[in-house]
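Novice: This is the structure alone, sequence omitted:
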Ligand code: GLN
C-alpha cells in the first residue's frame with residue numbers, strides 16, 4: 001500500500017478550552033515552515049450534523065467554508081494558521097457519521113449484517129478521514145478530536161483513530177495529547193497528576209501518546225517535564241510546554257522553540273526542506289507594533305462570548321497589523337435602544353451578522369449615529385441590512401424594516417430571498433458559501449479591493465428587496481457591489497460619508513494574518529482618520 005498522507009492526531013485531556021485547536025493549527029504552521037504541506041480535520045463528537053443550528057452563545061461563531069458548510073470555529077484557526085481553504089468535509093461530526101451509516105443501511109448496503117458501532121461506524125469515520133487525505137493530497141493531515149479524552153461521545157472516534165494507526169502503520173500516524181498542568185498557588189507548585197490521569201485514560205483506549213503538550217499558566221521547568229515523560233511514558237524531548245501567551249499567533253513560535261517540528265518530522269519520517277518561519281515571525285512582529293492605536297466598537301447581540309465574533313476580531317487585528325497600528329476592540333451589547341454615550345468615544349463602529357429581533361433597535365441607533373456624526377461604520381450581513389433599514393427610515397420610509405422582524409411593515413426593504421420562501425428545514429438551507437460579487441468602478445469597495453469581481457462567503461436568507469432598490473438609490477444609497485447577474489445586492493455605501501459600507505457577505509472568513517482583508521484595511525484607515 002502506498003502511503004500518500006501521514007496523520008497527526010491531536011487529543012485533549014484534563015479540561016476543555018485550553019486551546020487545542022490553536023495548538024494543532026500551530027503544529028500545522030510549523031510543518032509548513034519546513035515546506036511540508038498540511039491540511040486539517042476537526043472532529044466534533046456532538047450529534048448535530050453541523051454547527052449551523054447551534055447558538056453562538058454556547059458554541060461561538062459558525063465558520064463558513066468556501067463550499068458553504070457551516071462549521072466549527074476551529075476551522076477558522078486552521079485556515080488562518082495554515083493559509084489554506086478547507087472544504088466543509090474537514091469538519092466531521094457524529095451527526096454526519098451516523099447519517100451516512102443509516103443511509104447506507106436503508107439502501108441495503110450492509111447485506112443483512114447487524115449494523116454496529118464497531119466496525120460500521122468506525123469504518124465510516126476512517127473512510128471520511130482518508131477521503132480528505134486523498135482529496136487534499138496533503139503530506140500531513142492533522143486530525144483534531146474535539147472534547148476531552150474520557151467523553152463517551154468521543155469513544156468511537158478514538159477507537160477509529162487507534163485502528164487507523166494499526167492500518168496505516170506506526171511511522172505514518174502519531175498522537176499528540178494536549179493537557180493542562182495547573183499551578184496551585186497555595187502550595188506554590190505545578191501539579192502533573194491530571195496529565196498522568198488523562199494519559200492513562202487515553203491508554204485505556206489503546207492509544208499511547210507520542211507527544212504531550214502541556215498548557216500552563218506559567219512556564220514549567222525541565223525536572224517537571226522529566227516527571228511527565230517518566231509517568232506518561234513518552235520521550236523527554238516529546239514533553240512540550242506551551243505556557244499562556246499574549247497573542248495566539250505567538251504559539252507556533254513557542255512550540256518551535258521547543259523543537260516540536262523536528263521531533264514530529266523525525267517521528268513520522270518525513271524528509272523536509274530547511275525550516276523558514278520568517279513569514280510567520282513577520283506576522284507576529286507586525287501584530288505587536290502599537291505606536292498608534294485605533295478603536296472599534298462591535299455592536300452585537302452575542303457579545304458575552306467573545307468567540308461569537310472571533311473571525312471579525314482576528315480580521316481587525318490583521319488589518320491593524322497591516323497598517324502598523326494596534327486595534328482596541330470594545331464589545332457593546334445591542335439592546336432595544338442604544339445611548340450615543342456608549343459609542344461616542346469610539347473611532348469607528350462595526351455591526352456584525354446575526355439572527356432574530358433582539359438588539360435590532362440598538363443596531364439601528366448605531367446606524368443613525370454613524371450617519372449623523374460621520375463616524376465610520378462597517379455593516380456585515382445583518383449589519384448591512386440594518387444600514388439599509390435605518391437609511392430608509394431617515395429618508396421618510398417611517399416603519400421600514402426587514403420582514404425577518406416585521407412581516408407587516410409598509411416598507412419591507414429587506415425581504416426573504418425568493419428561493420428561501422419554499423424552504424422548511426433550518427439546517428444548511430441558507431444561501432451559503434462563496435459567490436461572486438461584481439464591483440462598481442470608482443466606489444469605496446472597488447478602490448479597497450482594486451478588483452472588478454471578488455469572491456466572498458455568504459450565510460443569509462434575507463436580502464435587499466429589489467422592489468425598493470431604485471427608491472433607496474434615488475435617495476442616495478450607492479449599490480457598489482451586486483451578484484454578476486445584478487439580481488442580488490452585495491454591497492451598499494454612502495458616497496458622501498467618510499466610510500459607511502455594508503456587505504451582505506462575510507469578509508471576515510477570508511482574512512489571513514499575512515493577507516489582511518481589503519475591506520477591513522480600508523475601514524481601519526477611515527477609523528484612523530476619525531481618531532478621537
Ligand atoms: N438574519 C439575516 C439573514 O438571514 C442575516 C444573517 C447573518 O447576519 N448572517 O439574512
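Specialist: Now that the structure is in, tell me what you want to look at. Keep in mind the model is a prediction, meaning the values are calculated, not measured.

Novice: and stretch 39-59, how far apart are its ends?
Specialist: Taking CA to CA, to the nearest Å, the first and last residues of stretch 39-59 lie 23 Å apart.

Novice: and the closest residue to residue 289 other than its chain neighbours, how far is that from the ligand?
Specialist: Take residue 289 and drop its neighbours on the chain: the residue closest to it by CB to CB, 6 or more residues apart in numbering is residue 324, 5.1 Å away. (Glycine included, C-beta is placed from N, CA and C.) Going from residue 324 to the ligand by CB to the nearest ligand atom, to the nearest Å gives 31 Å.

Novice: What is the burial count for residue 324?
Specialist: Counted with other CB atoms under 10 Å, the neighbours of residue 324 add up to 11.

Novice: correct me, but it touches residue 292?
Specialist: Yes - counting by CB atoms under 8 Å, residue 324 does reach residue 292; the two are 7.4 Å apart.

Novice: How is residue 241 assigned, secondary-structure-wise?
Specialist: Taken by DSSP: H, G, I helix; E, B strand; the rest coil, the conformation at residue 241 corresponds to strand.

Novice: so what's the backbone phi/psi at the residue nearest to residue 289?
Specialist: Here is the backbone geometry of residue 324 (degrees, to the nearest 10): phi 70, psi 30.

Novice: and what of the one 10 residues further on?
Specialist: Dihedral angles phi and psi of residue 334 (degrees, to the nearest 10) take the values phi -80, psi 110.

Novice: ok, now which ones touch it?
Specialist: Neighbouring residues of residue 334 by CB atoms under 8 Å, 6 or more residues apart in numbering: 299, 300, 301, 303, 351, 359, 360, 361, 362, 363, 366.

Novice: and with 7 Å instead?
Specialist: 299, 300, 301, 359, 362, 363 (CB atoms under 7 Å, 6 or more residues apart in numbering).

Novice: would you turn those into a markdown table with secondary structure?
Specialist: Formatted as a markdown table, the contacts of residue 334 follow (three-state DSSP):
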| residue | secondary structure |
| --- | --- |
| 299 | strand |
| 300 | strand |
| 301 | coil |
| 359 | coil |
| 362 | helix |
| 363 | helix |
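
Novice: Most neighbours among these, which one?
Specialist: Among the contacts of residue 334, residue 299 has more neighbours than the rest - 30 neighbours, counting by other CB under 10 Å.

Novice: tell me which residues in stretch 147-161 are buried?
Specialist: 147, 148, 149, 150, 154, 156, 157, 158, 159, 160, 161 (16 or more other CB atoms under 10 Å).

Novice: from these, which are also near the ligand?
Specialist: Here nothing survives when the buried residues of stretch 147-161 are matched to the ligand using CB under 6 Å from any ligand atom.

Novice: residue ranges for the helices of the stretch 151-300 of the chain, please.
Specialist: Under the criterion DSSP state H, counting those that start in this stretch, the stretch 151-300 of the chain contains helices at 155-168, 193-204, 222-232, 251-257, 260-267, 278-288.

Novice: Save the ones you listed as TSV, and put in mean pLDDT and distance to residue 18 too.
Specialist: Converted to TSV, those look like this (pLDDT from 0 to 100; distance: least, CB to CB, whole Å):
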stretch	mean pLDDT	distance to residue 18
helix 155-168	97	18
helix 193-204	95	11
helix 222-232	94	15
helix 251-257	96	12
helix 260-267	96	16
helix 278-288	92	21
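
Novice: Is it correct that residue 10 falls within a helix?
Specialist: No - counting by three-state DSSP, residue 10 is not part of a helix but strand.

Novice: That one is in contact with residue 140, isn't it?
Specialist: No - judged on CB atoms under 7 Å, residue 10 makes no contact with residue 140 at a distance of 11.9 Å.

Novice: Any idea what the residue of the stretch 151-300 of the chain found nearest the ligand is bridged to?
Specialist: Relative to the ligand, the nearest point of the stretch 151-300 of the chain is residue 300 (10.0 Å; CB to the nearest ligand atom). Beta-bridge pairing for residue 300 (DSSP bridges): residue 333.

Novice: List the buried residues for stretch 292-305?
Specialist: Result for stretch 292-305 [16+ other CB under 10 Å]: buried residues 294, 295, 296, 297, 298, 299, 300, 301, 302, 303, 305.

Novice: Filter the residues you listed down to the ones in strands?
Specialist: 294, 295, 296, 297, 298, 299, 300 (DSSP state E).

Novice: For the buried residues of stretch 147-161, give me a markdown table that also has distance to residue 121.
Specialist: As requested, those are exported to a markdown table (distance: CB to CB, whole Å):
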| residue | distance to residue 121 |
| --- | --- |
| 147 | 16 |
| 148 | 20 |
| 149 | 18 |
| 150 | 19 |
| 154 | 13 |
| 156 | 5 |
| 157 | 9 |
| 158 | 12 |
| 159 | 9 |
| 160 | 8 |
| 161 | 13 |
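
Novice: burial of whatever residue of the stretch 101-250 of the chain ends up closest to the ligand, as a residue count?
Specialist: With CB to the nearest ligand atom as the measure, residue 146 is the residue of the stretch 101-250 of the chain nearest to the ligand, at 23.4 Å. Close neighbours of residue 146, defined as other CB under 10 Å, add up to 23.

Novice: Any residues of the chain in contact with the ligand? List them.
Specialist: 353, 354, 355, 381, 382, 404, 459, 460, 461, 462.

Novice: Now, of those residues, which are buried?
Specialist: Looking at the residues of the chain next to the ligand with 16+ other CB under 10 Å, the buried ones turn out to be 353, 354, 355, 381, 382, 404, 459, 460, 461, 462.

Novice: of all these, which two lie farthest apart?
Specialist: Maximum pairwise distance in those, criterion CB to CB, is 13.8 Å, between 404 and 459.

Novice: quick one: the strands in the stretch 51-200 of the chain?
Specialist: 63-64, 70-71, 91-93, 140-145, 173-180, 183-184, 189-190 (DSSP state E, counting those that start in this stretch).

Novice: closest one to residue 34 among these?
Specialist: The nearest among the strands of the stretch 51-200 of the chain, by CB to CB, is strand 140-145 at 10.1 Å.

Novice: which residues sit in contact with the residue of the stretch 101-250 of the chain closest to the ligand?
Specialist: Counted by CB under 7 Å, 6+ apart, residue 146 has contacts 42, 43, 44, 45.

Novice: what about 8 Å?
Specialist: 12, 20, 42, 43, 44, 45, 46, 72, 74, 154.

Novice: That one and residue 73, how far apart?
Specialist: Relative to residue 73, residue 146 is positioned 11 Å away (CB to CB, to the nearest Å).

Novice: Phi and psi next, for the closest residue to residue 227 other than its chain neighbours.
Specialist: Of all residues beyond its chain neighbours, the one nearest residue 227 is residue 192 (5.6 Å), with distances taken as CB to CB, 6+ apart. When read as degrees, to the nearest 10, the backbone of residue 192 gives phi -100, psi -10.
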